[in-house]
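Engineer: Predicted model, plus sequence, below.
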Amino acid sequence: MKRDEPASRILSGVDLHKVGPYGDTLGDGLVQVSFSLPVPSGPESREAARRLAVQMGLEEPQIYKEADLGYGFSFWIIYGKCRHNVDVTRIVVPKLEAVQLSFDEINDLVAAEAGRRLRIVGACTGTDAHTVGIDAILNMKGFAGEYGLERYPAFEVFNLGSQVSNDILLQKVRDLKADAVLVSQVVTQKDVHLGNLAELVDMIEAESLRKDVLLVCGGPRISHEVALELGFDAGFGAGTTPRLVADWIAREWVRRKVLPA
Amino acid sequence: MKRDEPASRILSGVDLHKVGPYGDTLGDGLVQVSFSLPVPSGPESREAARRLAVQMGLEEPQIYKEADLGYGFSFWIIYGKCRHNVDVTRIVVPKLEAVQLSFDEINDLVAAEAGRRLRIVGACTGTDAHTVGIDAILNMKGFAGEYGLERYPAFEVFNLGSQVSNDILLQKVRDLKADAVLVSQVVTQKDVHLGNLAELVDMIEAESLRKDVLLVCGGPRISHEVALELGFDAGFGAGTTPRLVADWIAREWVRRKVLPA
Amino acid sequence: MSFLTERLMEPKLDLDPDIIARCRDAAGAISADVQRFAAGRTSVSIERAVLRWMGVEGGDADCIPLVNRVVDLQVKSGLLSHGVSLAFAEAVRNSGLSPSDAAMAIVEGRLALVGPDPDAMEAARVVARLLASQGAERVRRAVRTRSRFIERLGEGSRPLLYVIVASGNILEDTVQAKVCAQAGAQIVAVIRSTAQSLLDYVPEGATTEGFGGTYATQANFRIMRTALDEASEDVGRYVRLCNYASGLCMPEMATLGALERLDVMLNDALYGILFRDINMQRTLTDQVFSRRVSAAAGLIINTGEDNYLTTSDAFEAAHTVLASEFINEQIALCCGLKPHQLGLGHAMQMNPFREDMFLYEVAQAQMAREIFPDSPLKYMPPTKHMTGDIFRGQVQDALFNLVSVMTGQGIHLLGMMTEAMHTPHIHDRVLALESARMISTAARHLGDEVRFVPGGRVQTRARDVLARALTLLQQVRDEGLFGALASGRFADIKRSMDGGRGLEGVAVKAEDYWNPVDEVLDELIAEGAKEVAQ
Amino acid sequence: MSFLTERLMEPKLDLDPDIIARCRDAAGAISADVQRFAAGRTSVSIERAVLRWMGVEGGDADCIPLVNRVVDLQVKSGLLSHGVSLAFAEAVRNSGLSPSDAAMAIVEGRLALVGPDPDAMEAARVVARLLASQGAERVRRAVRTRSRFIERLGEGSRPLLYVIVASGNILEDTVQAKVCAQAGAQIVAVIRSTAQSLLDYVPEGATTEGFGGTYATQANFRIMRTALDEASEDVGRYVRLCNYASGLCMPEMATLGALERLDVMLNDALYGILFRDINMQRTLTDQVFSRRVSAAAGLIINTGEDNYLTTSDAFEAAHTVLASEFINEQIALCCGLKPHQLGLGHAMQMNPFREDMFLYEVAQAQMAREIFPDSPLKYMPPTKHMTGDIFRGQVQDALFNLVSVMTGQGIHLLGMMTEAMHTPHIHDRVLALESARMISTAARHLGDEVRFVPGGRVQTRARDVLARALTLLQQVRDEGLFGALASGRFADIKRSMDGGRGLEGVAVKAEDYWNPVDEVLDELIAEGAKEVAQ
Ligand code: B12
Ligand code: B12
Ligand SMILES: Cc1ncc(COP(=O)(O)O)c(C=O)c1O
Ligand SMILES: Cc1ncc(COP(=O)(O)O)c(C=O)c1O
């Protein structure tokens, strides 16, 4: 009964083939939901809210808050018993390998295999002005107690800052003969970031630079899966630490050198 | 563009045949969900949480919080775009009529039609000790600025208090020749209240008292629909005010006198 | 034994020490009265508790506890007023059986339950004392184990964060309790199933079915204590276990708590009288025994005056809480409890939309700390004005968390955003703990930094409440506590001397009433007092 | 005109008035420098703003604003340094067309844009003055309308609760704004689409597509003001409208705000320089014009130093915010703004898990109030340490709400539990407003009741920050503001004199530079000053 022992062992009841939400009793399926509706509150919209919950698969939905927001809107907080479940044993997720190398090991690896510093170009692109994230990865100072990539002898870092258009970025990638391009996207409303990232991939492919660079993106709403879908080589989400990125770049660069695509 | 004008008119876009959640743009379907899973956090359970959201009908689910609670549990906060919607124009809800009579009108109606005070027996039954709710309805002092039923000349109130067994309640109903029985149920964990309420209906029917009394229940998780299903005549939920109950009893009693079932 | 001593902040309310002293005087008189009343009585549950101290455990074939079966026989014989211990000791002496086996034999009619002959009296007393002191040994062991745990692991900073588990299933509860411990909980309370306080027996065995809570049984106590010991090791911090010494079995619950190393127990006759309609003679009598057990076992008791504000208005009735704290304090001290064992209850229950409510809550909380500087107090979160709006609930609880750190409370019950809805879900507590921990850290020294304007709203409010508490205490002293309960002075609820449940289980002690546990308790209490003195 | 005067609480921090005075001195010198610099320059956006004051509205067939087309012609002719107003006035005089029609005619090549002959100069000036004074009349009307609204309806108690709408669609925004008003919002700000500050024109027309915000256009200003007027009537309280006089079109935005009766505008060159990489010469020049417009139109400006704490650590860099407030104050006063029009920015941005963070935030907020007692200040909620945990977010924002009431802030931006995720959903604001209102009510007089221990953590922190602000201000005075920005003294960001966007739009004024709006602004500002004096 240790902290990291799964509930399955303790309650000897969790069926990993059918994992569903847990409120206070195994199998209760309890889920909390909130949303607004573009209709005023009242018996009919209460029933509408309830039916939406039922459609979501919530049995016995309990409406705990119903508020008329005025001007034809209402807000709802509902709890219900979710009848869905997932077979966790069948889940396979594409994921980045865990960090394996230390600061020194990364530098040593690059020194040994590349015999030079890898050139890294970073930017926060489009109209995005949120540099804190990319700076956390690149700047000396780093993030969460880890040094940023500038501190690594293994890398030569060019941080282009914010609001960099894909044109200018591409130009720099060419001029600097970048080994890796690191793009940050924080503003995601109406999926602006997706278009912007996809455009970069297209442009880089059009210039036949694709196989020369490692294409990396990051930001709080970025995931490795999304990055792969967009044609990037890796994606890093919220809370990424610099070493994770350094490790990936170093090892991936070496891997490609050894067995080119 | 007045406060009580529905959004449908303002945005001239809300289709009452297809009402779904609203985040900040009509049709975005945005819904917030939270739940725990009986598996530790990690890439596989993240995928499991995501799949549950998808099963609930949430498109593009975004996981905003993932917390390992230790001992094999994890907690998730997810937003997604709910693709369900409801045809509000087709919703018909059984509901109590809105209050129509004032304090004086209620008293006058009973005086005129019954020529005596209606006898009301109230109790919080089973092991439930939550008397605040039933007291709010019955006591002189009342609730939310309205007098309780004891203050009405129209009613003679017998408040049996808390933890009253159905046996004793039945006894009192018989002895006092009650016109209406008011039962409060606040503790609802594992649906204890349902069994308790259903038992009372059975017992009253077994004693052939059913048609002599108005059977009313109330409590924060009670709704009129649930009450009807259980065989009660009415049910009152959270925030009920005494006059609503007084009005219903008076008018329902008169209605039954005039046209017996 | 560990002591819940907190650094007391400088007083800030300029309260009149004379009025406080007069409150204590009145409460002392009230308590003396109760004490006198209880001293002359015993109850079925006290007698059952005595048997438990003497080593009787387990149930009959129908799972009815043996202690109930044995005491019922004594009641049937009309001998309750003499107590059960001598008769039982005599049975043990005659049979040579272990206490539990002897009890089973009695129940099955294989062994008689009759008082010793006059000439066997002394021998029976010896056996009774021996058995009781074996119980006392177990309790001493529990106390030592707790002390060692705390010495080794500590238990974290004040206020002690207190959460409940209440799934109804003890196994589920243990997992949830461990999750709480990891999230920062320092006290875990297992809430009892709804009707348990009305049961005149303690259910037997590990249980997995309860409503609004999990049955309190000796087996469940043990299972949960073991789980929390494991969690304590995992988190490197001793996590206390809390349950209820309350309801019709109050004395037995206290006893089981003492034996199974619980650390904290809710214990308040007034709560049972007002909110459970338990007969006042019964439960006030039971309470004296239970508090002595708690005193002996180094348990912290939590009292329940916070509950008054669930039926009365928190602004109007604040003084009733304070008055009740004075009474509970005096009764507890009379029973041998030390101030550091008193988690006197109070709560933040004002309407959150009332102007300056936050100031009044600060005044009340600060006042309680200043008047009971050596007691940890038990500070209850907003519950009454919580709604189904979990987002609003988080805010209400945040304000409460802040008042708690700002006024240096000792035991801080965590508010749950889902208070108005259900017993907590597994993450409700984790979120609540996170909020409380964040606020404790962020406002760590707020209490040290803040002073209140002399004669301002906060000070005036506190003085007002204190003055009204004095008036009330003097009325209660004049009417007697029984009278005051009959006239509805607390929680707007009236209870009569002979009403409510359990009166039939009370007996006026016969001249020759005796039990060995009273002596053992005196010893244990004296040992504890010596330790404090050191 | 209405004044944002709040009752100032008694000072509590025992700050040294001499240090404060020395800070003001240094800031005064810095500001004089900037003022001198800006006085010698004009920019494309200032010239466009002048045309807007003179009545030019609308766009060409491609929706390019006429003011841009006209000023671009002037730029192309290399005549920017002379300003556009005389040439334009001459065109109007010659054509007899309305300003917008004349502009269109110029754009279409039907009318020439050439400066008046020396002998027509005076006549052109007369026309220019006439047109500008028509603009002034509109602004006066807006000011009067606002005053009458506020006289009739009031605007509710302090702090003014401020929320943003940012759906991208102005129609959706209006409905959401009304929902906010009903839930208690007193200021509604329409956030602009992400890239707008980098556009060197103001888009035309009502817009329904934006990213992270809704385009600021004259039509959108008008639509939203109308909606809020309706909401004001509905809720019986005047609801203020806020937008941005910021970015490359700062002067035009201020002008449109003045014309369309906005009430509050974010306006801070430093923000644009640091966070939008706008050229410092351009935006500091633009800022002087914009602030004079705001002064003339009774607009409240909000400055943006709160943003520094999104890139710098809030504990380490608190003094940079204070220093920047001093600078912004002096620059604003130089431009004719009155203290009650200054919503100087500050924010609660410390790590919520830092010990005593709450105390330090109280110190900072209280200090700002005491140093700028006559300004409403603009208090920003935690944003940086917000996470996807909406339940924790509610707690962080609750603490912020409490600090705000406790320290008597004037303008209180609402924190959203979903800050780290998206621009607010419709109910996010309602929940936030409810929390803020609850806390304002519950803690209404907390500020009056609380004092801080002399020399304690709160006072020491405030004095520390003040001392460091003085050192910084003296450094900046010595380096000049331009130099200080180049050496990264604010927000840990370095910007160079000639870097960033928009420098090409700046011109050193020619000897004969003139525009009629400067005069009109002087008049309006003098009228406002008279009113204040009354
Ligand atoms: C700071 C901030 C700002 C600052 C930015 C200053 C600066 N120089 O960066 C200022 C004040 C300028 C600002 C302005 C705006 N902001 Co802003 N801002 C924030 C805020 C508060 C914090 C962001 C942050 O710094 N996080 C800390 C960093 C360390 O985390 P991170 O970015 O996730 O980075 C980590 C990982 O994602 C990863 N990572 C990130 N990038 C990369 C890249 C690579 C290659 C790799 C490997 C990893 C990686 O590593 C980092 C370390 O772990 C957030 C709210 C919040 N609490 O999140 C809003 C937020 C991001 N802003 C928002 C918006 C809309 C704006 C504006 C557009 C609003 C407007 N219309 O005016 C403006 C304009 C700016 C613009 N066009 O981009 C929205 C975005 C909504 C959305 N999802 O689309 C947010 C979420 C606020 C909100 N709820 O509305 N903002
Ligand atoms: C006050 C209170 C108590 C007090 C009760 C005092 C008393 N004399 O009533 C005390 C402290 C004794 C108490 C104890 C317990 N409580 Co309690 N308590 C509450 C609390 C804080 C408020 C309830 C309340 O008074 N609401 C105010 C009244 C006015 O509202 P109401 O009951 O909804 O009534 C209104 C309507 O529903 C309606 N109505 C109600 N009844 C009727 C009847 C009729 C005929 C009609 C027409 C209308 C009507 O009209 C009323 C006015 O609008 C709630 C939490 C919360 N904030 O809701 C928990 C709560 C109800 N308690 C709870 C529990 C579990 C308990 C315990 C069982 C815990 C335990 N195991 O020890 C104990 C034991 C009591 C028992 N067996 O019943 C749970 C119930 C969970 C569930 N859904 O099953 C809650 C929700 C707390 C929680 N989250 O765990 N509690
Ligand atoms: C002193 C005391 N005893 C007991 C209880 C629990 O109630 P019961 O066990 O009677 O259901 C409470 C609840 O708050 C309490 O405060
Ligand atoms: C002074 C100021 N201007 C402008 C903005 C908005 O940014 P932009 O309009 O440049 O996107 C802010 C945001 O906080 C600000 O504080």
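Structural biologist: Structure received. Ligands and ions are numbered 1, 2, ... in the order given.
Engineer: How about the residue nearest the centre of chain A, nearest residue that isn't a chain neighbour?
Structural biologist: Per C-alpha atoms, centre = their mean, the C-alpha nearest to the average position across chain A is that of A:Ser223, at 2.6 Å. Of all residues not flanking A:Ser223 in the chain, A:Gly237 sits nearest, at 5.3 Å (C-beta to C-beta, 6 or more residues apart in numbering or on different chains). From N, CA and C alone the C-beta is placed, and that goes for glycine too.
Engineer: do the same with C:Arg222
Structural biologist: Of all residues not flanking C:Arg222 in the chain, C:Glu260 sits nearest, at 5.3 Å (C-beta to C-beta, 6+ apart).
Engineer: what sits up against the helix or strand bottoming out on mean pLDDT in chain C?
Structural biologist: Using mean pLDDT, DSSP states H and E, the weakest-scoring helix or strand in chain C turns out to be helix C:516-533, at a mean of 90. Counting by C-beta atoms under 8 Å, 6 or more residues apart in numbering or on different chains, the neighbours of helix C:516-533 from elsewhere in the structure are C:1, C:3, C:49-50, C:53-54, C:85, C:89, C:125, C:128-129, C:131-133, C:135-136, C:139-140, C:292-293, C:295-298, C:336, C:338.
Engineer: Can you say which of these are buried?
Structural biologist: Buried by 16 or more other C-beta atoms under 10 Å in any protein chain shown: C:1, C:49-50, C:53-54, C:85, C:89, C:125, C:128-129, C:131-133, C:135-136, C:139-140, C:292-293, C:295-298, C:336, C:338, out of those.
Engineer: What residues of the longest strand along chain A count as buried?
Structural biologist: Ranked by residue count, the top strand of chain A under DSSP state E comes out as strand A:58-70. The neighbour-count criterion (16+ other C-beta under 10 Å) identifies A:Leu58, A:Pro61, A:Gln62, A:Ile63, A:Tyr64, A:Lys65, A:Glu66, A:Ala67, A:Asp68, A:Leu69, A:Gly70 as the buried residues of strand A:58-70.
Engineer: I'd like to know which of these is nearest to chain B.
Structural biologist: Distance ranking of the buried residues of strand A:58-70 against chain B, using C-beta to the nearest C-beta, places A:Gly70 first at 4.9 Å.
Engineer: from memory that closest one sits against D:Lys178, does it?
Structural biologist: Yes. Between A:Gly70 and D:Lys178 there is a contact under C-beta atoms under 8 Å: 6.9 Å.
Engineer: where's residue 104, which helix or strand?
Structural biologist: The chain I'm using is chain A. helix A:103-113 (DSSP states H and E).
Engineer: that answer is for a different chain, and I need it for chain C
Structural biologist: Going by DSSP H and E, C:Met104 is in helix C:99-107.
Engineer: before we move on, what about C:Cys242?
Structural biologist: Judged by DSSP H and E, C:Cys242 forms part of strand C:240-244.
Engineer: Show me what from the stretch 151-300 of chain C comes close to chain B.
Structural biologist: Residues of the stretch 151-300 of chain C found near chain B (C-beta under 8 Å from any C-beta of the partner chain) are C:168, C:175, C:178-179, C:182-183, C:194-195, C:198, C:211-212, C:275-277.
Engineer: what's the pLDDT at the nearest residue to A:Gly142 once chain neighbours are set aside?
Structural biologist: Once flanking residues are discounted, A:Gly142 sits nearest to A:Gly148: 3.9 Å by C-beta to C-beta, 6+ apart. Looking at A:Gly148, its pLDDT stands at 95.
Engineer: again with A:Val99
Structural biologist: Reading off the model, A:Val99 has pLDDT 69.
Engineer: One more: C:Leu4?
Structural biologist: In this model, C:Leu4 carries a pLDDT of 46.
Engineer: How about A:Gly13?
Structural biologist: 78.
Engineer: returning to what we had before: mean confidence score for the longest strand of chain A?
Structural biologist: Across strand A:58-70, pLDDT averages out at 96.
Engineer: by contact count, what packs against the very next helix or strand once past it?
Structural biologist: Next along the chain after strand A:58-70, taking DSSP H and E as the criterion, comes strand A:73-82. In this structure, strand A:73-82 makes packing contacts with strand A:30-37, helix A:43-55, strand A:58-70, helix D:426-442, judged by 3 or more C-beta pairs under 8 Å, 6 or more residues apart in numbering or on different chains; DSSP states H and E.
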